[in-house]
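>>> sequence? don't have it. structure:
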């Protein structure tokens, strides 16, 4: 059985090339659904029209596809709610030097 935790762990291997921080700690992953061998990754980008969209989606499909049992991956790109720096994990905020106080 494929766990959401396994998917999130694999997604931590995909970095935003501009920021050098993984998609999970950037807060770009809004959720993961697993149904048998199908995985849906709900994500956003920091801005509309992000030129890195074309690089990140294949990277997500590649790393998630390496999980045993995954036979179908869908990346659902969503814009609501919009991404803000408040979505950064504590690790992501620290890595970017963001002080949340």
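Alright, I've got the coordinates. Worth saying up front: this structure is predicted, and the values here are computed from it rather than measured.
>>> Please count neighbours and contacts with C-alpha atoms only from this point.
Fine.
>>> From residue 18, how far out is residue 31?
22 Å (Cα to Cα, to the nearest Å).
>>> more neighbours, these two?
A direct count of neighbours by other Cα atoms under 10 Å for residue 31 and residue 18 places residue 31 higher, at 13 against 7.
>>> Near the closest residue to residue 95 other than its chain neighbours, how many other residues are there?
Once flanking residues are discounted, residue 95 sits nearest to residue 21: 7.7 Å by Cα to Cα, 6 or more residues apart in numbering. Applying other Cα under 10 Å, we find 19 residues neighbouring residue 21.
>>> what's the answer for residue 86, then?
Neighbour number of residue 86 under other Cα under 10 Å is 12.
>>> give me every residue that touches residue 67.
For residue 67, the contact set (Cα atoms under 8 Å, 6 or more residues apart in numbering) comprises 2, 6-7.
>>> Hmm, residue 24 is touching residue 12, no?
Yes. With contacts counted by Cα atoms under 8 Å, residue 24 reaches residue 12, the gap being 5.7 Å.
>>> out of the two, which sits in the busier spot?
Ranked by neighbour count (other Cα under 10 Å), residue 24 and residue 12 place residue 24 first, with 25 against 17.
>>> residues contacting the more buried one?
Counted by Cα under 8 Å, 6+ apart, residue 24 has contacts 8, 11-12, 89.
>>> Which of these are buried? Put it as a PyMOL command.
Command for PyMOL that selects the buried part of the contacts of residue 24, burial taken from 16 or more other Cα atoms under 10 Å:
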select buried, resi 8+11+12
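>>> looking at it, the residue nearest to residue 95 is touching residue 15, isn't it?
Yes. Counting by Cα under 8 Å, residue 21 does reach residue 15; the two are 5.0 Å apart.
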